[in-house]
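K.L.:
Got a sequence here, can you build the structure:
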Amino acid sequence: MGLVEGKCAVVTGAGRGIGRGHSMVLAEEGARVVVNDVDLAEAEGVVKEIEAKGGVAVANGDDIGTRAGCESLVAQCVSEFGRIDAAVNNAGIVRDRSFLKMTDQEFDDVFRIHAKSTFWVSQTAAIAMREQGDGGCIVNTTSGAHMGNFGQTNYGAAKGAIASMTYTWALELARYGIRVNCIAPAGSTRMTAAAKDADGNDIELPFWDPALNTPLVAYMISEEGNWITGQVFATGMERLGVMRQPTFGKTLVREGGWDIESVRRFVKDGLGPELERFGLAKQPYAFYDGLVAPAKK
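P.N.:
The predicted structure is shown next:
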């Protein structure tokens, strides 16, 4: 018997890459899977692969960039299989552009496909799980880009929102036995193939099997993983890690509160050494001597 035998799941953006890996592995472990992709032919191809290995799956071509598409996706799972036990939010796009050049459309498209689709699919699935009365699991997808990454204001913002939604939903849905977790995956996909450095040059990356992200996903969906909720994990390649969640560090306290003069006197020495490295690359903090505009140098 597979780890998720009899579970019924939807996977978004599952025609290729990491989503395809999720669908294949979950089906191999006994789940019945709705394979979603806006390119229906790709979804159907994954279904044929699953069926050829003896698994159970159906294809779905709904546009998860709309609430109607997300609701239709979840409804198909309930209609085809009688219930929904897991929603895996994987679909995504990139529209990389430096902040000063990014358009409203580029921001809105990325935020809608990543963050809003995650909200719509998860809300619809959670309502169905609540009505079923025996719990379930939502697995979201974030990225290290939400720590800050050049040219990815839209993508980083969406992925940060997804991590924050994960924490909130885990708190709200625990009463219904619904677990909510998140992965920051690594795998070779069309998005990684389009990766560029800060100067706009193509980056050649090694091949990482996208399916290596799924074992932890399957475990979290299974009954064995019913003790995990509200967490963000790094998956893929040879790694498996848990993210330290946002928290306040060192805090200065002054009786009566802080005024301008006390801030000027104490903040640099008191909090300066604690300033965090920022950005995905996490370079040492570089601005203790001030950040000066080119015109003033």
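K.L.:
Just the strands from the stretch 51-200 of the chain, written as ranges.
P.N.:
Counting by DSSP state E, counting those that start in this stretch, the stretch 51-200 of the chain has strands at residues 56-60, 86-88, 136-141, 178-184.
K.L.:
So which of those strands is nearest residue 168?
P.N.:
strand 178-184 (8.6 Å; C-beta to C-beta). The way it works is simple: take the backbone N, C-alpha and C, and place the C-beta from them, glycine included.
K.L.:
Just the angle for the closest one relative to strand 136-141, thanks.
P.N.:
Counting by axes from the mean of the first three to the mean of the last three C-alpha atoms, to 10 degrees, strand 178-184 points 20 degrees away from the direction of strand 136-141.
K.L.:
Can you give the strand pairings for strand 178-184, parallel or anti for each?
P.N.:
strand 136-141 (parallel), strand 232-234 (parallel) (DSSP bridges).
K.L.:
Let's have these in CSV, adding distance to residue 281 and mean neighbour count.
P.N.:
Listed next are the strands paired with strand 178-184 as CSV, based on distance: least, C-beta to C-beta, whole Å; neighbours: other C-beta atoms under 10 Å:
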stretch, distance to residue 281, mean neighbour count
strand 136-141, 21, 27
strand 232-234, 16, 20
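K.L.:
closest to residue 225 out of those?
P.N.:
strand 136-141 (7.7 Å).
K.L.:
What lies in contact with that closest one?
P.N.:
18, 84-90, 92, 118, 122, 125-126, 129, 159, 162-163, 165-166, 169, 173, 177-185, 217, 220-221, 225 (C-beta atoms under 8 Å, 6 or more residues apart in numbering).
K.L.:
Highest mean neighbour count out of the strands of the stretch 51-200 of the chain?
P.N.:
Burial of the strands of the stretch 51-200 of the chain is given as mean neighbour count (mean count of other C-beta atoms under 10 Å); strand 86-88 ranks first at a mean of 30.
K.L.:
got the strands paired with strand 178-184 as a markdown table, with distance to residue 80 and mean pLDDT columns?
P.N.:
Shown next, in a markdown table, are the strands paired with strand 178-184 (distance: least, C-beta to C-beta, whole Å; pLDDT from 0 to 100):
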| stretch | distance to residue 80 | mean pLDDT |
| --- | --- | --- |
| strand 136-141 | 16 | 98 |
| strand 232-234 | 29 | 97 |
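K.L.:
Export those strands as CSV, with columns for distance to residue 273.
P.N.:
Formatted as CSV, the strands paired with strand 178-184 follow (distance: least, C-beta to C-beta, whole Å):
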stretch, distance to residue 273
strand 136-141, 35
strand 232-234, 27
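K.L.:
Run through the residues that contact residue 121.
P.N.:
10, 12, 64, 70, 73-74, 87, 89.
K.L.:
and of the residues you listed, the nearest to residue 38?
P.N.:
Of those, the one sitting nearest to residue 38 (C-beta to C-beta) turns out to be residue 64, at 7.5 Å.
K.L.:
so where do the helices sit in the stretch 1-150 of the chain?
P.N.:
17-28, 40-52, 67-81, 104-111, 117-132 (DSSP state H, counting those that start in this stretch).
K.L.:
swap that for the stretch 151-297 of the chain, please
P.N.:
153-173, 190-193, 214-221, 260-271.
K.L.:
Would you mind finding the most buried of those helices?
P.N.:
Buried most deeply of the helices of the stretch 151-297 of the chain, by mean count of other C-beta under 10 Å, is helix 214-221, with a mean of 23.
K.L.:
Only the buried residues of stretch 234-248, if you could.
P.N.:
234-236, 243 (16 or more other C-beta atoms under 10 Å).
K.L.:
now, which of the residues you listed lie within strands?
P.N.:
residue 234 (DSSP state E).
K.L.:
Report the two of the buried residues of stretch 234-248 separated the most.
P.N.:
Maximum distance among these (C-beta to C-beta): 13.7 Å, for 236 and 243.
K.L.:
which of the helices of the stretch 1-150 of the chain sits most buried?
P.N.:
helix 17-28 (a mean of 27).
K.L.:
Give me the domain ranges for this structure.
P.N.:
8-242, 260-296 (automatic domain parsing).
K.L.:
Serialize those domains to a markdown table and add fields for distance to residue 249.
P.N.:
What follows is those, written out as a markdown table (distance: least, C-beta to C-beta, whole Å):
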| stretch | distance to residue 249 |
| --- | --- |
| domain 8-242 | 16 |
| domain 260-296 | 6 |
